[in-house]
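S.K.: can't give you the sequence, but here's the structure:
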């Protein structure tokens, strides 16, 4: 895994995060743990909150190299008593906790409601009461757009969630922008596209199909490509961490919603070819399964012009480099992610 | 209060509701009770579900003239065990239960979440398991549009909820359209604008400011007009009942979202003048209160072209007639609505 190597978002040397108190919810997860590592590198005081729900993305191995430099509280972000103590006196909160699984949200919609709505609402109420000046960045998802009406998809594109999870992520976004407008808690929303990198969930496709592909490829088993001609964009996790850091530290970002994305988009088939060439693995192209056809949204790729214009963000890591770095990580560590 | 006087939606004489089993959630409330009365007139078997939460709109007086002709179950619509028995074998469900108060949703957002999201999600899960062929019409609200970007507001206008209630009503809509798409439960969404008529809540402004105005006017107290120049559209409750009946019985409506509305829009000041002239009451124009400024959305009026084109719906009762009928009702019955 990479060590901090980038200039601090907001200015090399004088990072706004140096010495700052930073809470990362979902901080033992894939993206949260990279963010934690980067912030530790900047000299921030990092407090991770993670409930370590087995179906979600968190595991302690993700922060093994910075475990001594961070505080970890294992709790639900909706636990007001514990969160009150966590958030007091902190300056930043990166809110990455949540459930991202389409399937789980359809199988148990009320549980998804509690995790992705109830807990975030309680967290924001806790901030309102105990730390309304904390700067919040909320991790949302491109999945809320549903099947695109036009490409590339910008932030004004209508929202057509295709599952319960999407409905609740929209609500999660809206809570944050509302609490910004009404109570003055400075919030920014990032709509992430497919993110890949070391630490991503590979046990199953609960985070992204790519994790499952990668594990099967490394195990010498064929992975399934549903359809294959659909266009998608992929970000490497380090680029996504850059976006979080910029969003948290820029006054201009406040109250705004930003897409992430990457150019050029690639087809799933192109991605499969790339993964197979890097791993030596095999794949089979199959029909989109009937029981998941509502999430067959066709082509998707984002316009990230808004964040580029406002914050100067753009992805820097090529898809090939991203895949190579991820494969290299799991060649070494995949037993930790079973 | 009017007795059934209109042709049955879907055809006079041969109403599709004759002999049908119809569930009305929130059926002791303002609009729900009018719907119940009309359906009884058509010969439907009406089953009302209402939790009679004091802050909501339900009261038994609303159905006093048809009480013997309907079944009433007092329970939360999220009570799966009881709702299972209610919905089995029924053909229609008019889903009007919920909390509509801006203020309550901000004071207790988690309660609003449970009422407007959790309970509806549990109800839809109950339908999926026990009666997936029931035809559902969900009562949504124009409030989810927030401050209009253009006028009139049609159904493709972006959604910018200005309170927690709006966020949860969007989720409520989305659950219904999703369960239609994924599980084939036929659902229609109506986005109501300001509805007035006998049975509306006048104790406070939890349903609409107009209820409070009317009560104060009848009590000889001045009512407050915040601002006054804002345009709004108003529907009489009988017209809204028409829309529900058409939406429930038309195959074309399935999976669709429809605005209600009325032309021409009027300013709040014009409405105040009208109400004062009908009641002999007084009003005072004041500044919009600071603690409610986020709900100061300026002008709003809807385009209802879509429902007019698809279902032939249009409002028939003039604003003056609506105000006169409502005032006449409360001159007689306002002690029942304290």
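M.R.: Here it is on my side, so go on. Just so you know, these numbers come straight off a predicted model, no measurement behind them.
S.K.: Which residue ranges of chain A form helices?
M.R.: A:30-41, A:80-87, A:102-107, A:109-113, A:119-130, A:164-183, A:209-218, A:237-249, A:268-279, A:305-311, A:319-333 (DSSP state H).
S.K.: quick one: is the longest one near chain B?
M.R.: I take that to be helix A:164-183. Yes. Contact of helix A:164-183 with chain B (Cβ under 8 Å from any Cβ of the partner chain) involves A:164, A:167, A:168, A:170, A:171, A:174, A:175, A:178, A:181, A:182. C-beta: built from backbone N, CA, C; applies to glycine.
S.K.: and those, which are buried?
M.R.: For the residues of helix A:164-183 next to chain B, a burial check counting by 16 or more other Cβ atoms under 10 Å in any protein chain shown picks out A:164, A:167, A:168, A:170, A:171, A:174, A:175, A:178, A:182.
S.K.: which bits of chain A sit near chain B?
M.R.: A:106, A:109-110, A:113, A:117-118, A:121-122, A:125, A:156, A:158-159, A:161-164, A:167-168, A:170-171, A:174-175, A:178, A:181-182, A:294.
S.K.: at 7 Å what do you get?
M.R.: A:109-110, A:113, A:117-118, A:121-122, A:125, A:161, A:164, A:167, A:170-171, A:174-175, A:178, A:181-182, A:294 (Cβ under 7 Å from any Cβ of the partner chain).
S.K.: Is residue A:286 bridged to anything, and to what?
M.R.: residue A:226 (DSSP bridges).
S.K.: show me what contacts it?
M.R.: Listed by Cβ atoms under 7 Å, 6 or more residues apart in numbering or on different chains, the contact partners of residue A:286 are A:224, A:225, A:226.
S.K.: With mean pLDDT as added columns, please give the helices of chain A in CSV.
M.R.: Shown next, in CSV, are the helices of chain A (pLDDT from 0 to 100):
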stretch, mean pLDDT
helix A:30-41, 98
helix A:80-87, 97
helix A:102-107, 93
helix A:109-113, 97
helix A:119-130, 98
helix A:164-183, 97
helix A:209-218, 94
helix A:237-249, 98
helix A:268-279, 97
helix A:305-311, 98
helix A:319-333, 97
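S.K.: Tabulate these (CSV), appending distance to residue B:242.
M.R.: Shown next, in CSV, are those (distance: least, Cβ to Cβ, whole Å):
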stretch, distance to residue B:242
helix A:30-41, 51
helix A:80-87, 46
helix A:102-107, 35
helix A:109-113, 33
helix A:119-130, 37
helix A:164-183, 30
helix A:209-218, 48
helix A:237-249, 48
helix A:268-279, 49
helix A:305-311, 43
helix A:319-333, 56
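S.K.: For chain B, see how far away residue A:304 is.
M.R.: Note on residue A:304: its distance to chain B, by Cβ to the nearest Cβ, to the nearest Å, is 20 Å.
S.K.: nope, residue A:297 is what I meant
M.R.: 13 Å.
S.K.: Residue A:196 now?
M.R.: Distance from residue A:196 to chain B, counting by Cβ to the nearest Cβ: 28 Å.
S.K.: Show me the beta-bridge partners of that residue.
M.R.: Assigned bridge partners for residue A:196, using DSSP bridges, are residue A:236.
S.K.: need the contact list for it.
M.R.: Residue A:196 sits in contact with A:210, A:234, A:236, A:237, A:322, A:326, where contact means Cβ under 7 Å, 6+ apart.
S.K.: quick check, nearest of those residues to residue B:101?
M.R.: Residue B:101 has its nearest neighbour among the contacts of residue A:196 in residue A:237, at 43.0 Å by Cβ to Cβ.
S.K.: residues near that closest one, how many?
M.R.: Using other Cβ atoms under 10 Å in any protein chain shown, residue A:237 has 24 other residues around it.
S.K.: Quick check: chain neighbours aside, which residue is closest to it?
M.R.: Leaving aside its chain neighbours, residue A:237 sits nearest to residue A:197 (3.1 Å; criterion: Cβ to Cβ, 6 or more residues apart in numbering or on different chains).
S.K.: Distance of the one you found relative to chain B?
M.R.: From residue A:197 to chain B the distance is 31 Å (Cβ to the nearest Cβ).
S.K.: which outside residues touch stretch A:152-169?
M.R.: With Cβ under 7 Å, 6+ apart as the criterion, stretch A:152-169 contacts A:99-102, A:105-106, A:109, A:112-113, A:116-117, A:140-141, A:143-149, A:170, A:257-259, A:294-295, A:297, A:300-303, A:305-306, B:171, B:174-175, B:178.
S.K.: mind checking how far residue A:179 is from residue B:56?
M.R.: 25 Å (Cβ to Cβ, to the nearest Å).
S.K.: no wait, residue A:16
M.R.: For residue A:16, the distance to residue B:56 equals 47 Å [Cβ to Cβ].
S.K.: ok, the two, which is more surrounded?
M.R.: Taking neighbours as other Cβ under 10 Å, residue A:16 and residue B:56 compare with residue B:56 leading, 23 against 19.
S.K.: With adjacent residues omitted, what lies nearest to the more buried one?
M.R.: residue B:99 (6.0 Å).
S.K.: is it true that the one you found touches residue B:113?
M.R.: No. Assessed by Cβ atoms under 7 Å, residue B:99 is found out of contact with residue B:113, at 10.1 Å.
S.K.: and residue A:228, how many residues sit next to it?
M.R.: Residue A:228, neighbours per other Cβ under 10 Å, totals 18.
S.K.: For it, give me its contacts.
M.R.: A:267, A:268, A:269, A:285.
S.K.: 6 Å instead?
M.R.: The contact partners of residue A:228, taken as Cβ atoms under 6 Å, 6 or more residues apart in numbering or on different chains, are A:268, A:269, A:285.
S.K.: Spatially nearest residue to the second one, not counting backbone neighbours?
M.R.: Nearest residue to residue A:269 in three dimensions, chain neighbours excluded: residue A:228, at 3.8 Å (Cβ to Cβ, 6+ apart).
S.K.: Quickly note the distance from the residue of the stretch 201-338 of chain A found nearest chain B to residue A:161.
M.R.: Relative to chain B, the nearest point of the stretch 201-338 of chain A is residue A:294 (5.3 Å; Cβ to the nearest Cβ). Distance from residue A:294 to residue A:161, counting by Cβ to Cβ: 10 Å.
S.K.: ditto for residue A:74
M.R.: Distance from residue A:74 to residue A:161, by Cβ to Cβ: 30 Å.
S.K.: the more surrounded of those two?
M.R.: The neighbour comparison of residue A:74 against residue A:161 (other Cβ under 10 Å) goes to residue A:161, with 24 against 13.
S.K.: With adjacent residues omitted, what lies nearest to the more buried one?
M.R.: residue A:167 (4.8 Å).
S.K.: check contacts around the residue of the stretch 201-338 of chain A closest to chain B.
M.R.: By Cβ under 6 Å, 6+ apart, the neighbours of residue A:294 are A:162, B:182.
S.K.: returning to that earlier point: just the buried subset of the contacts of residue A:196, please.
M.R.: A:210, A:234, A:236, A:237, A:322, A:326.
S.K.: which ones are touching the spatially closest residue to the second one that is not a sequence neighbour?
M.R.: What that stands for is residue A:234. Nearest non-adjacent residue to residue A:234, counting by Cβ to Cβ, 6+ apart: residue A:194, 4.9 Å away. Residue A:194 sits next to A:208, A:232, A:234 when contact means Cβ under 6 Å, 6+ apart.
S.K.: remind me which residues of the stretch 1-150 of chain A are low pLDDT?
M.R.: A:1-13 (pLDDT under 70).
S.K.: Can you tell me how far residue A:127 is from residue A:192?
M.R.: Per Cβ to Cβ, residue A:127 is found 22 Å from residue A:192.
S.K.: again, but for residue A:142
M.R.: Taken as Cβ to Cβ, the span from residue A:142 to residue A:192 is 7 Å.
S.K.: Count the residues that sit near residue A:160.
M.R.: Neighbours around residue A:160, by other Cβ under 10 Å: 17.
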